[in-house]
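1. based on what follows, work out the 3D shape:
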Amino acid sequence: MKIKDIIKRLEKYNPEAVLRLGGQKGEEVLFICALAKDDKNVWLESASMCDLNEEIATRFNMVENGKITEEENYRNLLELGIGPNAVRKAMGDEVCNKFVKHCVEGRLAKEMGREDLFDCTQKMNLF
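-> This is a model prediction of the structure:
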């Protein structure tokens, strides 16, 4: 199937719906991938198909190296559906707490409809 055909077919669905692999209870798609110099093949990946810990660590390293801002990183993670549990597993409590605190205080959580982040603040000693 070609990308243009998928785009046309997806237009009729709710744009806020979660895209899953293998049925309604399947894993959520996190990444759309292609080779850097060859976009003739494109594929979808879920958390079990990649090393999510490495992916998250790479994104935080990009912030440290000045390639993206902290805000961009957090927004990208939330857009992918990556939340506090995955960040905590990959980066530890301190980084996770900073992530949650920034998202809640900076209104990113509210803007992106991530009420789960507000719930996390109740369980953490952030403030």
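2. for the rest of this, base every contact and every neighbour count on C-alpha atoms.
-> Noted.
3. output the below-cut-off pLDDT ranges for this protein.
-> Within the chain, the stretches with pLDDT under 70 are 121-127.
4. rerun that using 50 as the cut-off
-> 127 (pLDDT under 50).
5. show me which strand runs longest in this structure.
-> If you go by DSSP state E, the chain has its longest strand at strand 38-46.
6. downstream neighbour of that one in the secondary structure list?
-> Using DSSP states H and E, the next helix or strand after strand 38-46 towards the C-terminus is helix 52-64.
7. on the three-state scheme, residue 118 is what?
-> helix (DSSP: H, G, I helix; E, B strand; the rest coil).
8. give me the element the residue nearest to it when sequence neighbours are not counted is part of.
-> Nearest residue to residue 118, sequence neighbours excluded (CA to CA, 6 or more residues apart in numbering): residue 104, at 6.5 Å. Element membership of residue 104, judged by DSSP H and E, is helix 93-105.
9. swap in residue 7?
-> Per DSSP H and E: helix 3-10 holds residue 7.
10. between strand 38-46 and that helix, find me the angle.
-> With axes from the mean of the first three to the mean of the last three CA atoms, to 10 degrees as the basis, helix 3-10 and strand 38-46 are set at 40 degrees to each other.
11. just the CA trace of helix 3-10, in CSV.
-> The C-alpha coordinates for helix 3-10 follow below in CSV (Å, rounded to 0.1, in the frame of the first residue of the first chain):
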residue,chain,number,x,y,z
ILE,A,3,1.4,6.4,1.7
LYS,A,4,-1.0,8.4,-0.4
ASP,A,5,-3.6,5.6,-0.2
ILE,A,6,-3.2,5.4,3.6
ILE,A,7,-3.6,9.2,3.9
LYS,A,8,-6.8,9.1,1.8
ARG,A,9,-8.3,6.3,3.9
LEU,A,10,-7.4,7.8,7.2
